[in-house]
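# Any chance you could fold what I've pasted below:
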Amino acid sequence: MSTLENRWNELQQIARQIRLGGGSRRIDSEHAKGKMTARERITALVDPGTEFEEFGLFAAFEFYEEQGGCPAAGVVTGMGSISGRRCVIVANDATVKAGAWFPLTAKKNLRAQEIAMENHLPIVYLVDSAGVFLPMQDEIFPDKEHFGRIFRNNAKMSAMGIPQIAAIMGSCVAGGAYLPIMSDEALIVEGTGSVFLAGSYLVRAAIGEQIDNETLGGAETHTEISGVTDYKMPDDQTCLDTIRDLIGKLGPFEVAGFNRIASVAPSRTSEELADLFPYDRNKPYDVLKVIETFIDAGSFTEYKKGYGQTITTGYARIDGWSVGIVANQRLVVKSKQGEMQIGGVIYSDSADKATRFILNCNQKKVPIVFLQDVTGFMVGKRSEHGGIIKDGAKMVNAVANSVVPKITIVMGNSYGAGNYAMCGKAYDPRFIYAWPTARMAVMGGAQAAKTMLQIEVSGMEKKGQTVTEEDKQKFLDKLTQKYDSQTDATYAAARLWVDEIIHPADTRDRISQAIDAANHNAIIPEFKTGVLQV
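This is a model prediction of the structure:
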C-alpha cells in the first residue's frame, strides 16, 4: 500500500469519528426526542441514489479542546440534489453542544452561503441550534465576518432571487431566530421546533413572566398566532418531504452555458497516481501524466509548450466540460547545459505564460482549474533583475480579476506568493480542495526552521550567550516539527482554508460537480484587469 493510501486511511479514521458528532449517547438522546440527527436529515432530504457532496468536514478539527471539542464545527454543510435541483444544505448538529455556534461555526455557515451566492444555488437550512456559545461571544458577535453577516446574506440572497427554505427542527434562539425567518419560507416541527428571541428562562429573568417554551415559541404559536412560520409539520420526515416538494416546484433558472459535450473516460486510471505523483514532495514528476488521470482522453491542447516550463497550461475537457488548466510542473529536463530539475518555482517566463493563458480563458468564457504544487516565485539577483516581481504581479492581477469560475486543487506544496498566484483561498476560487499530500505555508518547514534558527541564534549571541551545535539541533528539530504540523492538510481544512480534503481519485468528479454548480449562475461580469505591469 502506498504512503498516500496510508495517509488517506488515517484521514478516513478521523472523518468517521467526526461524523459521530457529539457521540453515540447524544445521538440516542436525539432519537429519544423523536428527532433525526443532522446527517440523517440530509440523507432523507437528498434524492435517493445521489451523493451528498460535503464540504467543511474537518472544520474546527483539534479546536476548542478546553470546551470538549466541536466536531465539524457543529454544523454539516454541502451540496446535494433535491427533487433534481442542485442545492446547498446547512444542517445544525444538535449532538454537538446542542448545536451552539462557535467562531468556526459562523465561518463555515458563511462559506456555505458564499457558495450559494456565487453559484446562484437554492439553499436549505435545517435549523437546530441553541444559539451563540456564550463563553466565546466576543469572537462571534460584532465583526464583519461574524454571526450577523449570516442574516445580512439572507437579505442579499433574497434580493438576488436565490431561493432559501428553512426548517425549524429544534431550538432556534435569540439572534439565530432571524436566519429561518429571513428565509423565503419557514417550516416548523411540532413538539421539537421552537423559535424565539429569548427563551422562557430569560423571559422570566428579564420581565418576570412565567411561560413555557412551547407556548412562547412552538409550532402552534408561530403557525396559528404570530404567523412567523409558514408550515406546521408533525415530524422530521414529513418536514423533509415537504421541503422536497417545495424545491420540486421551483421555477426554471438560466445557466451560464459553459461548453460541454459527451464525456470520455481518462486515458490513465486513478490507481496509477501513486506512481505518477510521489508522496515525497522533493521528487520530480510530470504533471501532464497526473492530469491524464482525470481529464477526458485525448482532450489536452497544450498552450506555449516550450516556454515557461515550470507552469503547464492548456485546454482540456473534464467529464465533457471545457476547462483551462494551470498547473505547476516539476520535471527533470535535458538542455545544452545538461540535466536540470525544474518545478515548484514560478519563473518570470512561467508567470508571463500563465497570465496570458488566464486572459484567454476569460475572453473565451472557459472555467479555469488550478493545480497547485508550488514553492513560490524564483528569488536571487538574476530573477530580481529580470523583473520577477513585475511578472508575478501580472499573474496575481489576472487571477484576482478573473471572472470565469476558478477551481483550485492543492495537490502538493502551496507556499508563499505561489499560493496567491495559483488561486489560493484569498483569490476567490468557487471551490478549493486539497489532496492528503497538500502543504500550505509561507515557506517549507525546513526552510522556515533554518531561517528562524538563524534569527534566534543571532539574538542569543548578541546577548553574549553561548549556543552549542547540540542546542542548535534541538531548536531546529522543535521548530521543524511545529512548522510541519502547521502545514498539514488537516490544519488547513480545520481553518476552512480549503473546502475539503479529497482523495486524488475523486478529483475528476469534484471538478465536474463544481463546474455544474457554477453553471447555475448565468451572470458572468465583464473581464477587466486594471493596470498590468507589461
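# and residue 370, that one's in a helix?
No - when the secondary structure is assigned by DSSP: H, G, I helix; E, B strand; the rest coil, residue 370 falls in strand instead of a helix.
# what about stretch 516-525, start to end distance?
By CA to CA, to the nearest Å, the extent of stretch 516-525 from end to end equals 18 Å.
# which outside residues touch that stretch?
79, 86, 115, 118-121, 253-258, 321, 365, 367, 403-405, 430-431 (CB atoms under 8 Å, 6 or more residues apart in numbering). Glycine gets a C-beta too; all of them are placed from N, C-alpha and C.
# For those residues, which ChimeraX command selects only the ones that are buried?
Typed into ChimeraX, the line below selects the buried ones among those, using 16 or more other CB atoms under 10 Å:
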select :79,86,115,118,119,120,121,256,258,321,365,367,404,405,430,431
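# so of the contacts of stretch 516-525, which ones are in helices?
When the contacts of stretch 516-525 are checked against helices (DSSP state H), the matches are 115, 118, 119.
# and the nearest residue to the first one once chain neighbours are set aside, what pLDDT?
Yep, that's residue 115 we're talking about. Nearest residue to residue 115, sequence neighbours excluded (CB to CB, 6 or more residues apart in numbering): residue 88, at 5.7 Å. pLDDT recorded at residue 88 is 98.
# can you check residue 456 too?
So, for residue 456, pLDDT stands at 77.
# and it, how many residues sit next to it?
16 (other CB atoms under 10 Å).
# same question, residue 499
Other residues close to residue 499 by other CB under 10 Å number 28.
# cool, residue 59 as well?
Neighbours around residue 59, by other CB under 10 Å: 28.
# Quick check: the closest residue to residue 203 other than its chain neighbours vs residue 198, distance?
Once flanking residues are discounted, residue 203 sits nearest to residue 209: 5.2 Å by CB to CB, 6+ apart. Relative to residue 198, residue 209 is positioned 10 Å away (CB to CB, to the nearest Å).
# More neighbours: which of those two?
Ranked by neighbour count (other CB under 10 Å), residue 209 and residue 198 place residue 198 first, with 16 against 10.
# ok, then the element right after the helix or strand of the chain with the lowest mean pLDDT?
Within the chain, no helix or strand scores below strand 338-343, which has a mean of 60 by mean pLDDT, DSSP states H and E. Where DSSP states H and E defines the elements, the next helix or strand beyond strand 338-343 is strand 345-346.
# which helices and strands sit right next to that following strand?
Applying 3 or more CB pairs under 8 Å, 6 or more residues apart in numbering; DSSP states H and E, one finds that strand 345-346 makes contact with strand 376-377, helix 416-421.
# what's the shortest one in contact with?
Counting by CB under 8 Å, 6+ apart, the neighbours of strand 376-377 from elsewhere in the structure are 345-347, 351, 383, 388-389, 392, 415-418, 421, 443.
# Can you name the two of those residues that sit furthest apart?
Spatially, the most separated pair among those is 351 and 443, at 18.5 Å (CB to CB).
# And those two? Which one has more around it.
Between residue 351 and residue 443, counted using other CB under 10 Å, residue 351 has the larger neighbour count: 27 against 18.
# helix/strand/coil for that one?
helix.
# surely it meets residue 392?
Yes - at 5.3 Å, residue 351 counts as touching residue 392 under the criterion of CB atoms under 8 Å.
# shared neighbours of those two, anything?
What both residue 351 and residue 392 touch, as defined by CB under 8 Å, 6+ apart, is the set 377, 421.
# Just want the phi and psi numbers for the closest residue to residue 386 other than its chain neighbours.
With sequence-adjacent residues excluded and distances taken as CB to CB, 6+ apart, residue 386 is closest to residue 348, at 5.2 Å. Here is the backbone geometry of residue 348 (degrees, to the nearest 10): phi -60, psi -50.
# so where is the stretch 401-534 of the chain shaky, pLDDT-wise?
Within the stretch 401-534 of the chain, the stretches with pLDDT under 70 are 444-446, 448-449, 533-534.
# Quick one: the helices in it, in order.
Secondary structure of the stretch 401-534 of the chain (DSSP state H, counting those that start in this stretch): helices at 416-421, 445-462, 469-487, 489-494, 507-518.
# buried set for the third one?
The reference is to helix 469-487. For helix 469-487, using 16+ other CB under 10 Å, the buried residues are 475, 476, 479, 480, 483, 484, 487.
# where do the strands sit along the stretch 101-250 of the chain?
Assigned by DSSP state E, counting those that start in this stretch, the stretch 101-250 of the chain shows strands spanning 123-129, 164-173, 185-189, 194-196, 231-233.
# With respect to residue 512, which of the ones you listed lies nearest?
Across these, closest to residue 512 is strand 123-129 (CB to CB), at 21.3 Å.
# So which elements touch that closest one?
Against strand 123-129 (3+ CB pairs under 8 Å, 6+ apart) you get helix 38-45, strand 85-92, helix 103-119, strand 164-173, helix 178-181.
# Take those and lay them out in JSON lines including distance to residue 142.
As requested, those are exported to JSON lines (distance: least, CB to CB, whole Å):
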{"stretch": "helix 38-45", "distance to residue 142": "27"}
{"stretch": "strand 85-92", "distance to residue 142": "22"}
{"stretch": "helix 103-119", "distance to residue 142": "12"}
{"stretch": "strand 164-173", "distance to residue 142": "18"}
{"stretch": "helix 178-181", "distance to residue 142": "15"}
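# ok, of those, where does mean pLDDT dip lowest?
Taking the mean pLDDT of the helices and strands packed on strand 123-129, helix 178-181 comes last: a mean of 88.
# from the middle of its chain, how far away would that one be?
How far helix 178-181 lies from its chain's middle: 24 Å, per CA atoms, centre = their mean, to the nearest Å.
# List the contacts of it.
By CB under 8 Å, 6+ apart, helix 178-181 touches 125, 127, 150-151, 154, 166-168, 172, 186, 195, 228-229.
# Top of those residues by number of neighbours, please.
Greatest neighbour count in those, by other CB under 10 Å, goes to residue 168: 32 neighbours.
# For it, list the residues it contacts.
127, 180, 186, 187, 188, 189, 193, 194, 195, 229.
# who does the first one bridge with?
Applying DSSP bridges to residue 127 yields these beta-bridge partners: residue 168.
# ok, it to residue 318 distance?
36 Å.
# So residue 161 versus residue 251, what's the distance?
To residue 251, residue 161 is 10 Å away according to CB to CB.
# Sounds good, over and out.
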